[in-house]
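> Predicted coordinates and the sequence they were generated for:
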Amino acid sequence: MSSTKYLDALILDRQGEVTKDTMDSLKGYCGLFAFVHAICRDDTLNYKAKVKLINNVIDASLNFLRKKYEVDIELYNKQVTENLKTGKLFESLSVLPAKMREDFELGLEDARDFMYIEIKDILRILNIDLDL
């Protein structure tokens, strides 16, 4: 369960599976609270290094997930091309992938926003002032 249950409910009402999958993956990879806590308590890192590290890990995780969804769309296009007849091929290839791309673009952007909301909440709980 998330540290912010209201976000879980909001996620399910928006770009659904893309956002939820992204949030679950990133939180699962990092153990978000432990991740933020470990960075903030590391005395060998200065303020700028802590901010940069948190931002870079989130960006790298979201970029990885972006690639994952791009591969999914590519595989979908390949399968449709092989299985559909020419008459419906253009319609299938133009409408569904565009919707899929829009959904995951919006989902990833929502996930980025939600991650920063959660991290700022964690920083507030830890009483640490980082400007992300």
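Yep, that arrived. Keep in mind that this is a model prediction, so the values were computed, not measured. Residues are numbered from 1 along each chain as shown.
> how about the helices of this structure, start to end?
Along the chain, the stretches classed as helices by DSSP state H are 5-13, 16-30, 32-41, 47-83, 86-125.
> so which of those is the most packed in?
Burial of these is given as mean neighbour count (mean count of other C-beta atoms under 10 Å); helix 16-30 ranks first at a mean of 18. (Glycine included, C-beta is placed from N, CA and C.)
> ok, the closest residue in space to Arg112 that isn't next to it in sequence to Asn127 distance?
The shortest distance from Arg112 to any residue other than its chain neighbours is 5.9 Å, reached at Leu62 (C-beta to C-beta, 6 or more residues apart in numbering). Distance of Leu62 to Asn127, given as C-beta to C-beta, to the nearest Å: 27 Å.
> returning to what we had before: so for the residue nearest to Arg112, what pLDDT did the model give?
On the pLDDT scale, Leu62 is placed at 87.
> show me the contacts for the residue nearest the centre of the chain.
By C-alpha atoms, centre = their mean, the chain has its centre lying nearest to Thr22, at 3.7 Å. By C-beta atoms under 8 Å, 6 or more residues apart in numbering, Thr22 lies in contact with Leu62, Leu65, Gly107, Leu108, Ala111.
> next one: Arg101
Arg101 sits next to Ile73 when contact means C-beta under 8 Å, 6+ apart.
> what's near enough to touch Asn132?
No, residue 132 isn't Asn; it's Leu. Leu132 touches Val51, Ile54, Asn55, Tyr116, Ile119, Lys120, Leu123, counting by C-beta under 8 Å, 6+ apart.
> related to what we said a few turns ago, how near is the residue nearest to the centre of the chain to Thr44?
Taking C-beta to C-beta, one finds Thr22 at 30 Å from Thr44.
> so where's the protein uncertain?
1-17, 26-30, 82-97 (pLDDT under 70).
> what's near enough to touch the residue lying closest to His37 once chain neighbours are set aside?
Closest residue to His37 apart from its sequence neighbours, by C-beta to C-beta, 6+ apart: Leu126 at 6.2 Å. Neighbouring residues of Leu126 by C-beta under 8 Å, 6+ apart: Val36, His37, Cys40.
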